[in-house]
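Asker: Dropping a prediction and its sequence here:
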Amino acid sequence: MPTPSTFQTVGMQTYEGLAPGLDANGFINPIAFKMNVVAKTASYTVLATESGTVFTTSGSAGAVVFTLPTAAAGLCYWFINAADQDMTIASTPADKFVLFNDVAADSIAFSTASEKVGGGVFVVSDGTNWFGFVHLGTETQTPTIAT
């Protein structure tokens, strides 16, 4: 039998008399990890508070540019091109992106005709730079890295 939630919350911050993550019987609520997936149909400046978000271009009718926030340790995002439109991920300030064969890149773009849909990149920051790990929908996709 679990300990009553009122006993477990002595000295703790509570909400409506319950400890975070516990139900009224003192059991831990089931937790399932879910990523926040957001579609953007126009250019967008990503916020630090959105770390962990998967951004897609679903429904876009034109090019989408994602501008990263200032690098801060641990921030991470997924960008997936889900439309046959150009998708670019740009660092702010410039020269803070570490990508294939470039330690001071400005951006990465999925803009080669017939090689856009399904391309994507995972980016993570160490507090100084952004590191991009490219996911290619097929082996023939050609992302463009701007320096």
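Answerer: Alright, I've got the coordinates.

Asker: residues contacting the residue nearest in space to the middle of the chain?
Answerer: Among the residues of the chain, the one closest to the centroid is Tyr77, at 1.9 Å (CA atoms, centre = their mean). By CB atoms under 8 Å, 6 or more residues apart in numbering, the residues touching Tyr77 are 46, 50-55, 66, 68, 122-123. In short, each C-beta sits where N, CA and C put it, glycine included.

Asker: got the domain boundaries for the chain?
Answerer: The chain is divided into the following domains under automatic domain parsing: 1-32, 33-146.

Asker: Give me the helix or strand of the chain that scores worst on average pLDDT.
Answerer: helix 5-8 (a mean of 51; mean pLDDT, DSSP states H and E).

Asker: now the next helix or strand after that helix, how far from the centre of its chain.
Answerer: Downstream of helix 5-8, the next assigned helix or strand under DSSP states H and E is strand 37-39. Averaged C-alpha coordinates place strand 37-39 at 9 Å from its chain's average position (CA atoms, centre = their mean, to the nearest Å).

Asker: Partner strands of strand 37-39, with direction?
Answerer: Note on strand 37-39: by DSSP bridges, its sheet partners are strand 54-56 (parallel).

Asker: pLDDT averaged over the strand it pairs with - what is it?
Answerer: For strand 54-56, mean pLDDT is 97.

Asker: For that strand, buried residues please.
Answerer: Using 16 or more other CB atoms under 10 Å as the test for burial, strand 54-56 gives 55-56.

Asker: Pick the most deeply packed of the domains of the chain.
Answerer: domain 33-146 (a mean of 16; mean count of other CB atoms under 10 Å).

Asker: How far off centre is that one?
Answerer: Taking CA atoms, centre = their mean, one finds domain 33-146 lying 9 Å from the centre of the chain it belongs to.

Asker: thinking again about what came up before, which of the domains of the chain has the lowest mean pLDDT?
Answerer: domain 1-32 (a mean of 61).

Asker: Phe100 against Thr142, yeah?
Answerer: No - in this structure, Phe100 is not within contact of Thr142 by CB atoms under 8 Å, at 11.0 Å.

Asker: Start and end of stretch 114-131, how far apart?
Answerer: The straight-line separation of the ends of stretch 114-131 (CA to CA, to the nearest Å) is 26 Å.
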